[in-house]
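Trainee: Next input, structure requested:
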Amino acid sequence: MSKSLLRSARLTLSGFLLFGLAACGSLDQASNQVVGLVSVYKIDIVQGNFVSREQAAALKEGMTRAQVRDILGTPLLTSVFHGDRWDYVFTFKRQGVETQSRRVTVFFNGDLLSKVEADPLPSEAEFVASLDSGKRSGTVPVLEMSQESLNATAAAPQAAASKVLPPLPASYPPLESSAN
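Mentor: Coordinates of the predicted model:
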């Protein structure tokens, strides 16, 4: 093969490789645009202990650890190095909404509550309202039975009791064979 023919073959092959790489780049860009149009569903993530304003207000200096646990629940964080401190941490992550994060720290002197430090806390009603995703699930069904439905339901056990059922067998066959 002549050198000029070999050189033109190399140039042609290089051209095809460059064209192929450019096509891959535009294909990648197009696939990224298509993926950008489709949003992935992400679940709501609730972690930690939710502490409401009402719960924090119920804490009084001098309460025992057991009383604090009854009001706030088991702490999310306890430390061997800080035995007189309990941390209640709460985070709520929802797609398209800023992450909610709150912290309540209670300090003990021995077995008695001495101090509470907390971020601004919502009331229970405010927190429940913040959980509403805005999606409505259609019409709410009627939750009352009509008098006809009540009468039919009351008559159903009497009708079932009037049916005669065959007697139960006296014994059942073994589940496993006895030959071992």
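
Trainee: Centre-most residue in this protein?
Mentor: Ile45 (4.5 Å; Cα atoms, centre = their mean).

Trainee: what sits against that residue?
Mentor: Thr91, Phe92, Lys93, Arg94 (Cβ atoms under 8 Å, 6 or more residues apart in numbering). Where you see a C-beta, it was placed from the backbone N, CA and C, and this is true even at glycine.

Trainee: ok, now Gly62?
Mentor: Leu112, Leu113.

Trainee: all strands of the protein, in order?
Mentor: 45-48, 77-78, 85-94, 97-109, 112-118 (DSSP state E).

Trainee: What pairs with the second one, parallel or antiparallel?
Mentor: Sheet pairing of strand 77-78 (DSSP bridges) gives strand 85-94 (antiparallel).

Trainee: quick one: the partner strand to strand 112-118, angle?
Mentor: 30 degrees (axes from the mean of the first three to the mean of the last three Cα atoms, to 10 degrees).

Trainee: Just the residues contacting strand 85-94, thanks.
Mentor: In contact with strand 85-94 (Cβ under 8 Å, 6+ apart) are residues 44-51, 68, 72-73, 75-79, 99-108, 130, 133.

Trainee: Of those residues, keep whichever come out buried.
Mentor: Buried members of those, counted by 16 or more other Cβ atoms under 10 Å: 48-51, 68, 72, 75, 102-106, 108.

Trainee: right, and the pair among those with maximum separation?
Mentor: Greatest spatial distance among these (Cβ to Cβ): Phe50 and Phe108, at 21.5 Å.

Trainee: out of the contacts of Ile45, which one sits closest to Glu117?
Mentor: Thr91 (17.7 Å).

Trainee: how much space between that closest one and Gly48?
Mentor: Thr91 is 6 Å from Gly48, where distance means Cβ to Cβ, to the nearest Å.

Trainee: From start to finish, how long is stretch 57-74 in a straight line?
Mentor: End-to-end distance of stretch 57-74 (Cα to Cα, to the nearest Å): 17 Å.

Trainee: From Val46, how far out is Ser39?
Mentor: On the measure of Cβ to Cβ, Ser39 and Val46 end up 21 Å apart.

Trainee: Ok, Ser31 next?
Mentor: 34 Å.

Trainee: Mind picking out the helix or strand in the chain with the poorest mean pLDDT?
Mentor: Lowest on mean pLDDT, DSSP states H and E among the helices and strands of the chain sits helix 3-37, with a mean of 70.

Trainee: hang on, the earlier thing: least reliable of the strands of the chain by average pLDDT, please.
Mentor: Least confident of the strands of the chain, judged by mean pLDDT, is strand 77-78 with a mean of 78.
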